[in-house]
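>>> Dropping the sequence and predicted coords here.
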Amino acid sequence: MTNAIEEIRAEMAKAAKIAGRKPQDVSLIAVSKTRTPDEIRPLLSDGQRVFGENRVQEAAAKWPELLADYPDVTLHLIGQLQSNKAAEAVALFDVIHSVDRASLITALGKAMNAAGKSPDCFLQVNIGGEAQKGGCAVGGIADLLTLAQQQGVPIIGLMCLPPADVEAAPYFALLYELAQRHALPALSMGMTADYQTAIMLGATHIRIGTALFGPRSA
Ligand SMILES: *Cc1c(COP(=O)(O)O)cnc(C)c1O
């Protein structure tokens, strides 16, 4: 095991214990965006099998060779998705975290129906109401969930990227509350800077890049 992954696993267990949760109820997504296959392979050798990418094109270019060697990998799409890439995303990914608008839900429904494959999805919520961020408005969640159900898009939970440079806890707590209100079991929240807090506040999926791979150059 690399030190980084051991350290994160220990931190995850500590945070889960404080919250009275089981460590195995939190999934560690290794965010491998911008990393080359050679940078990813050591983590695969260590047994890590859950990875996150933020671009369909980049993932489609680098993952087929890795998936050939490690067919049990689970790939999560965590970045914004254009409707015209819905079919490609459905083909490549096992989980999609960035569902955030009606047109995308309709496109995903069509793509899933055509492919006969329905990746689990998260509704991404613009939890801080920031103009420049992706995600649906808090007030738009109910309608999008109804549409997803009609279109056969399985939404298992909520995902958020809280505002940068402020305490994330209130945003995580709000996302938890919203998921409870809509009876959604999964919560994708927490990154390198704040994953312990996210776990204490109910995260089921944390998305870690920097703490595993080091700082990104771009
Ligand atoms: C890059 C990225 C992460 C990982 O961020 P780190 O701070 O490097 O852990 C998590 N979630 C999303 C949506 C990202 O784009």
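Now that the structure is in, tell me what you want to look at. Numbering: from 1, shown residues only.

>>> alpha carbons only for contacts and neighbour counts from here, please
Fine.

>>> Do a quick rundown of the helices in this structure.
For the chain, the helices defined by DSSP state H cover 3-18, 37-45, 56-69, 86-92, 102-115, 141-151, 169-181, 195-200, 210-213.

>>> Pull the number of nearby residues for Q48.
Residues lying near Q48 (other C-alpha atoms under 10 Å) number 18.

>>> Could you number the chain from 193 rather than 1 from now on?
All right, first residue 193 from here; so that's Q240.

>>> Report how many residues lie close to the closest residue to it other than its chain neighbours.
Nearest-residue entry for Q240: A222, 7.8 Å, with adjacent residues in sequence omitted and distances by C-alpha to C-alpha, 6 or more residues apart in numbering. Look at A222: counted by other C-alpha under 10 Å, it has 26 neighbours.

>>> partner residues bridging A222?
Beta-bridge partners recorded for A222 (DSSP bridges): F243, I400.

>>> residues in contact with it?
Residues in contact with A222, defined by C-alpha atoms under 8 Å, 6 or more residues apart in numbering, are Q240, V242, F243, G244, R399, I400, G401, L404.

>>> just L258 next, same as before
Residues counted as contacts of L258 (C-alpha under 8 Å, 6+ apart) are P229, R233.

>>> What's the separation between it and D286?
Distance of L258 to D286, computed by C-alpha to C-alpha, to the nearest Å: 15 Å.

>>> what sits against C328?
D292, R293, L315, Q316, V317, N318.

>>> The second one: what's its closest spatial neighbour, skipping adjacent residues?
Pointing back at R293 there. C328 (6.4 Å).

>>> How about the last one?
Of all residues not flanking N318 in the chain, G327 sits nearest, at 4.3 Å (C-alpha to C-alpha, 6+ apart).

>>> quick one: contacts for the one you found?
Contacts of G327 by C-alpha under 8 Å, 6+ apart are S290, V291, D292, R293, L315, Q316, V317, N318, I319, C352.

>>> filter those to the buried ones?
For the contacts of G327, a burial check counting by 16 or more other C-alpha atoms under 10 Å picks out S290, V291, D292, R293, L315, Q316, V317, N318, I319, C352.

>>> Based on its surroundings, how many neighbours for M381?
For M381, using other C-alpha under 10 Å, the count is 27.

>>> need the residues of the protein near the ligand, please.
Remark: the part of the chain in contact with the ligand comprises V223, N246, I270, G271, M383, T384, R399, I400, G401, T402, using C-alpha under 6 Å from any ligand atom.

>>> Can you tell me how far the closest residue to V345 other than its chain neighbours is from A279?
Excluding the flanking residues, the one nearest V345 by C-alpha to C-alpha, 6+ apart is G301, at 5.5 Å. The spacing between G301 and A279, counted by C-alpha to C-alpha, is 10 Å.
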